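Asks: predicted model, plus sequence, below.
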Amino acid sequence: MALYVRALRGHGGTSVLAAALGASTLDKLSRTVIWQGRPRRAGTHHGLDRFAYPSGHVCAITAITTATVRELSSITSEDTEVLLCTTATLVSMVMGWSRLYLDEHWIDDVIGGFFAGIAVGTAAVEI
């Protein structure tokens with residue numbers, strides 16, 4: 001995504017990479033203080049990954065898509081921006097649904113990952 005943003009804009013794209021790294025960092029740091037277990041049917045996880053909050057998958061995809069949309073909003077029309085925002089939201093929601101369907105997370109893990117991803121993606125662009 002970072003390379004795609006750079007190709008379209010002629011510069012930038014580093015915020016997408018920063019969003020991905022920031023989401024991973026926030027996910028691991030959160031699990032050092034929030035020890036919410038996973039649902040009973042979840043797969044086997046080790047280390048900090050045995051804790052569920054927040055959903056790292058949802059946080060990462062939301063952060064990456066948020067940063068991408070924010071980067072591209074300066075060169076796209078308003079209609080295209082709405083389409084990008086809608087697509088980013090749907091991708092994040094599908095990821096969240098998949099984590100619930102696979103019984104890897106609770107609903108609050110997914111919601112926490114979604115909001116954390118928005119914060120990380122926005123911060124990556126603003127910094």
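Replies: Alright, I've got the coordinates.

Asks: C-alpha only now, for contacts and for neighbours.
Replies: Noted.

Asks: who touches the least confident helix or strand in the chain by mean pLDDT?
Replies: Least confident helix or strand of the chain, by mean pLDDT, DSSP states H and E, is helix 2-9 with a mean of 73. Residues from elsewhere that reach helix 2-9, judged by CA atoms under 8 Å, 6 or more residues apart in numbering: 11-17, 68, 71-72, 75.

Asks: now the buried members of those residues.
Replies: By neighbour count, with 16 or more other CA atoms under 10 Å, the contacts of helix 2-9 hold 12-17, 68, 71-72 as buried.

Asks: which of those sits closest to A123?
Replies: Comparing the buried ones among the contacts of helix 2-9 against A123 with CA to CA places S15 closest, at 8.7 Å.

Asks: let me know whether that closest one touches R70 as I believe.
Replies: No: counting by CA atoms under 8 Å, S15 sits too far from R70 to count as a contact (9.4 Å).

Asks: mutual contacts of these two, please.
Replies: By CA under 8 Å, 6+ apart, the residues touching both S15 and R70 are V125.

Asks: list the buried residues in stretch 106-122.
Replies: Quick answer for stretch 106-122 (16+ other CA under 10 Å): 106-107, 109-122.

Asks: relative to H57, which of those is nearest.
Replies: G113 (7.7 Å).

Asks: tell me if that closest one really is in a helix.
Replies: Yes: under DSSP: H, G, I helix; E, B strand; the rest coil, G113 falls within a helix.
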